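1. any chance you can model this:
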Amino acid sequence: MFMQKARSLPCSAGMATPFPNFTISNYLRHFFSIMLFLVAWNSSSQTVPDPIFFRWDSYVGCIEGDGDMRKTYEELIRDGLCHQVCQNSIVNYTLHSGNNVLTGTVWQVIGGTILSQNAYTCQVKWSSTVTTGSIGVTTNTSTGTIRFPEICVEMKIPPSAQFAMNGNLNPSNPSAPLVICRGTTVNFNNLSSPGSGTPLNSHHWNFGDGNYSTAFEPSYTFDTPGEYTVILTVTNQCYCKSTYARRITVTREAAVPITCASTVCEGERATYSVPASYRCTNFDWSVVGGTIVSPMPYGNTIVVDWVRQGNDSDGEGFGYVTFNPGRCDVSCHEPTTVKIPIIRLNGRINGKTIICGNSQELYKLPQWPTTDFQWEIVNSGGANATLMINGQRNEIMVDTGTEPGSFTLKARYHNTLLECGGTASINVTVKIPAIIEGPRVVCLGD
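-> Take a look at the predicted model:
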């Protein structure tokens with residue numbers, strides 16, 4: 001075997017090394033260069049304090065006006081605007097501190113009550129009686145004191161949700177449950193009001209059994225025995241909400257049916273009946289919005305004259321027929337009520353008669369089935385109000401315009417099934433609110 005004697009190679013001729021031409025002095029020079037680099041790197045990577053942000057978890061913004069629910073604290077301060085909330089609402093305010101440790105935080109609140117607070121958060125319940133307030137905060141970090149100047153808080157007036165059932169607009173005990181038999185249809189009367197706030201924008205009904213409705217005044221049939229809580233939630237144009245609840249008890253017995261319950265024209269006569277097989281010592285009938293013309297004592301059938309009798313219920317657009325089987329040989333002894341749409345010759349438009357300019361107002365007539373509505377503004381006395389298309393035929397939104405004055409809102413309606421109809425009108429006055437001029441942002445001491 002042939003073998004060659006290995007030779008020693010200098011470092012530069014073999015594998016590359018990080019220290020060519022190695023000497024002790026070169027080694028020390030490179031060592032201290034690396035150490036200086038590490039020290040410099042460590043100094044430059046020291047933690048820089050994060051910016052601190054002032055935020056909240058609840059805000060509203062009105063459909064009309066300059067309200068903008070997306071404004072941050074910095075934008076509100078810059079533009080001289082207010083943080084908008086609903087009266088009586090609870091809002092959580094937070095200092096997002098990043099890597100900062102906060103101490104000695106002081107929250108300043110006017111127009112609300114502090115429910116809880118610490119160095120980072122503050123929970124405030126805003127007043128239910130005043131419309132303006134303010135909130136500010138001062139805190140301390142390792143680098144000094146940080147002060148967030150107070151911002152104004154505008155408290156929007158919420159609506160008031162309320163409803164009745166089956167035409168009983170003034171129940172003697174609203175907290176007591178309505179007791180009905182299985183299969184009974186409950187007619188809900190929406191008594192909600194915007195109060196002095198903005199117009200109502202939506203209605204949401206929760207019937208307590210997994211079913212819902214967004215109708216203004218729904219009717220709903222409860223087919224399963226049990227206990228139910230019906231909740232109405234109304235929202236106004238500033239997205240402030242109000243809720244109202246009533247309880248319903250559904251028994252196992254089947255409800256008494258009333259036949260021939262349908263839409264009628266004002267002045268029409270209609271017949272209503274319960275099964276002829278019922279044996280009753282007294283057929284207990286009652287009517288709201290019309291007159292029973294059948295002779296007494298009543299039998300299982302009655303005739304009703306739907307002629308206006310004073311002020312009928314529910315915006316002069318509906319009547320109610322009730323049969324109480326309390327003295328009948330039947331399993332269900334709870335009253336049954338049916339809602340009768342009445343196409344009035346002269347309807348009543350629901351809405352404000354005095355409104356502010358540069359706003360929007362909602363007006364409505366009863367929601368009669370198979371009825372067409374035509375809206376118009378007549379007799380304009382200086383006001384430049386205009387109509388806006390709305391999703392419901394029986395409703396119209398009015399843009400009040402920029403000029404003071406008055407106008408008449410008029411509606412013509414026609415039921416395409418019964419071929420009857422009528423008209424309705426309302427006189428409206430438009431007033432322009434006073435404008436306060438001056439700077440929206442000032443410095444302390446100015």
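2. in stretch 174-181, what's buried?
-> 178, 180, 181 (16 or more other Cβ atoms under 10 Å). Heads up, the C-betas are built off the backbone N, CA and C, glycines and all.
3. bridging residues for the last one?
-> If I follow you right, that is residue 181. Judged by DSSP bridges, the bridge partners of residue 181 are residue 251.
4. list the contacts of it.
-> By Cβ atoms under 8 Å, 6 or more residues apart in numbering, the residues touching residue 181 are 250, 251, 253, 254, 255, 256, 332, 334, 336.
5. now, of the residues you listed, which are buried?
-> Of the contacts of residue 181, these count as buried by 16+ other Cβ under 10 Å: 250, 251, 253, 255, 256, 332, 334, 336.
6. what segments of this protein are helices?
-> Counting by DSSP state H, the chain has helices at residues 24-44, 73-79.
7. just the mean pLDDT for stretch 158-165, thanks.
-> Averaged across stretch 158-165, pLDDT comes to 91.
8. CA atoms only: put that stretch into PDB for me.
-> In PDB, the C-alpha atoms belonging to stretch 158-165 read as follows (Å, rounded to 0.1, in the frame of the first residue of the first chain):
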ATOM      1  CA  PRO A 158     -83.800  56.800  26.100                       C
ATOM      2  CA  PRO A 159     -87.300  55.800  25.000                       C
ATOM      3  CA  SER A 160     -89.900  54.100  27.200                       C
ATOM      4  CA  ALA A 161     -91.100  50.600  26.300                       C
ATOM      5  CA  GLN A 162     -94.500  49.400  27.300                       C
ATOM      6  CA  PHE A 163     -97.300  47.200  26.000                       C
ATOM      7  CA  ALA A 164    -100.700  45.900  26.900                       C
ATOM      8  CA  MET A 165    -102.400  42.700  25.800                       C
END
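9. distance from that stretch to the middle of the chain?
-> 12 Å (Cα atoms, centre = their mean, to the nearest Å).
10. farthest pair within the buried ones among the contacts of residue 181?
-> 250 and 256 (14.2 Å; Cβ to Cβ).
11. so how many other residues sit close to residue 215?
-> Neighbour count for residue 215, taken as other Cβ atoms under 10 Å: 14.
12. re earlier: now the contacts of residue 181 as TSV including distance to residue 282?
-> Listed next are the contacts of residue 181 as TSV, based on distance: Cβ to Cβ, whole Å:
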residue	distance to residue 282
250	25
251	21
253	19
254	21
255	19
256	14
332	16
334	16
336	15
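13. farthest pair within those?
-> The most distant members of the contacts of residue 181, if one measures by Cβ to Cβ, are 250 and 256, lying 14.2 Å apart.
14. mind exporting stretch 256-275 as PDB, just the C-alpha atoms?
-> C-alpha atoms of stretch 256-275 as PDB (Å, rounded to 0.1, in the frame of the first residue of the first chain):
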ATOM      1  CA  VAL A 256    -112.600  28.800  23.100                       C
ATOM      2  CA  PRO A 257    -112.700  29.700  19.400                       C
ATOM      3  CA  ILE A 258    -114.400  32.900  18.100                       C
ATOM      4  CA  THR A 259    -115.300  32.600  14.400                       C
ATOM      5  CA  CYS A 260    -115.600  35.300  11.700                       C
ATOM      6  CA  ALA A 261    -112.900  37.600  13.100                       C
ATOM      7  CA  SER A 262    -111.600  39.600  10.100                       C
ATOM      8  CA  THR A 263    -111.100  43.100   8.900                       C
ATOM      9  CA  VAL A 264    -114.200  45.300   8.600                       C
ATOM     10  CA  CYS A 265    -115.000  48.800   7.200                       C
ATOM     11  CA  GLU A 266    -116.300  51.500   9.600                       C
ATOM     12  CA  GLY A 267    -120.100  51.300   9.700                       C
ATOM     13  CA  GLU A 268    -120.200  47.700   8.700                       C
ATOM     14  CA  ARG A 269    -122.100  45.000  10.700                       C
ATOM     15  CA  ALA A 270    -120.400  41.700  11.400                       C
ATOM     16  CA  THR A 271    -121.300  38.400  13.100                       C
ATOM     17  CA  TYR A 272    -119.200  36.600  15.700                       C
ATOM     18  CA  SER A 273    -119.900  33.200  17.300                       C
ATOM     19  CA  VAL A 274    -118.700  30.400  19.600                       C
ATOM     20  CA  PRO A 275    -119.600  26.700  18.900                       C
END
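15. for it, which outside residues touch it?
-> 181, 278, 283, 285, 293, 300-308, 321, 323, 325, 328, 330, 332, 336, 338-345, 368-370, 415, 417-418, 420, 422.
16. report the beta-bridge partners for residue 136.
-> residue 108.
17. residues contacting it?
-> 107, 108, 147, 148, 149, 150, 151.
18. out of the helices of the chain, which gets the lowest mean score?
-> helix 24-44 (a mean of 38).
19. from residue 399, how far off is residue 227?
-> According to Cβ to Cβ, to the nearest Å, residue 227 stands 45 Å off from residue 399.
20. who has more neighbours, those two?
-> Counting neighbours by other Cβ under 10 Å for residue 227 and for residue 399 shows that residue 399 has the greater number, 16 against 10.
21. the residue lying closest to the more buried one once chain neighbours are set aside: how many residues sit nearby?
-> Once flanking residues are discounted, residue 399 sits nearest to residue 386: 4.9 Å by Cβ to Cβ, 6 or more residues apart in numbering. Look at residue 386: counted by other Cβ under 10 Å, it has 12 neighbours.
22. now do the one 4 residues further on
-> Taking other Cβ under 10 Å as the neighbour definition, residue 390 ends up with a count of 15.
23. pLDDT below threshold where in the protein?
-> 1-49, 61, 63-70, 169-170, 308-316, 440-442, 444 (pLDDT under 70).
24. tell me how it divides into domains.
-> 53-156, 157-255, 258-343, 354-431 (automatic domain parsing).
25. so how far is the first residue of stretch 54-62 from its last?
-> 23 Å (Cα to Cα, to the nearest Å).
26. surely residue 94 and residue 56 touch.
-> Yes: if you go by Cβ atoms under 8 Å, residue 94 and residue 56 touch, sitting 7.2 Å apart.
27. one step back: residues touching the residue nearest to residue 399, list them.
-> Contacts of residue 386 (Cβ under 8 Å, 6+ apart): 377, 398, 399, 401.
28. thank you kindly, that will do.
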